[in-house]
Each structure stands twice: as C-alpha cells, then as structure tokens.
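> Have a look at this prediction, sequence included:
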Amino acid sequence: MPIVVRLDVELARRKMSVGEFAERVGLTPANVAVLKNGRAKAIRFSTLEAVCRVLDCQPGDILEWVPDGQEAPQPAHEASR
C-alpha cells in the first residue's frame, strides 16, 4: 500500500503507550494496532483529527505516501538499528 502510517514513530517520540493513546483518541487498542501495523484500509477524518489532537501533530507527521514499488524510507532512529 502506498500510504505508510508512522504512528509508532510518533508514539515513541512522546513515550506514549498504545493503551494510553487508544483511550485518549477513543479507539480500541486493537484498532490502534491495525493503524500502527499498516493494515488499515481507511481512516475517518474525525479519527485523524483526534489522533492529531492527542499527538499535537499534523496529518503529514503520521501519514506518508510512497510510490508503488518503492520501499518506505526508515526513520533515522530505525535506520541505525
């Protein structure tokens, strides 16, 4: 899928657990896992708004478009592992 969700990166930056994030956004931890693992097929704007409000970020901070056939670049902290 050409849209990559960088939710895990933003949660790590804020040292926020999935459980805390899920509660603050109003999602189940299972649905957060679907988003985090890139298995979501869609996201409601109301959910995206809640995610951005809780993380104090812009949609582009958590969503990235990657052309078909290209791998998503690794964030700097993951590339050094």
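That came through, no problem.
> Distance of the residue lying farthest from the centre of the chain relative to Pro2?
The centre of the chain is farthest from one residue, Gly69, which by C-alpha atoms, centre = their mean lies 21.1 Å away. Here Gly69 is placed at a distance of 9 Å from Pro2 (C-beta to C-beta, to the nearest Å). The C-beta positions use only the backbone N, C-alpha and C, and glycine is treated the same way.
> just Glu20 next, same as before
To Pro2, Glu20 is 30 Å away according to C-beta to C-beta.
> residues in contact with Val54?
By C-beta atoms under 8 Å, 6 or more residues apart in numbering, Val54 lies in contact with 21, 24-25.
> and Glu20 and Pro2? which has more neighbours close in?
Per other C-beta atoms under 10 Å, whichever of Glu20 and Pro2 has more neighbours is Glu20, with 14 against 11.
> where's the host helix or strand of the more buried one relative to the chain centroid, distance-wise?
Secondary structure from DSSP states H and E places Glu20 in helix 18-25. Put simply, helix 18-25 sits 12 Å off its chain's centre (C-alpha atoms, centre = their mean, to the nearest Å).
> Would you mind listing the buried residues in it?
Within helix 18-25, the residues scored as buried using 16 or more other C-beta atoms under 10 Å are 18, 21-22, 25.
> Show me the two of those that sit farthest apart.
The most widely separated members of these, counting by C-beta to C-beta, are Val18 and Val25 (10.4 Å).
> wouldn't Arg6 be in contact with Trp65 here?
No. If you go by C-beta atoms under 8 Å, Arg6 and Trp65 don't touch, sitting 11.6 Å apart.
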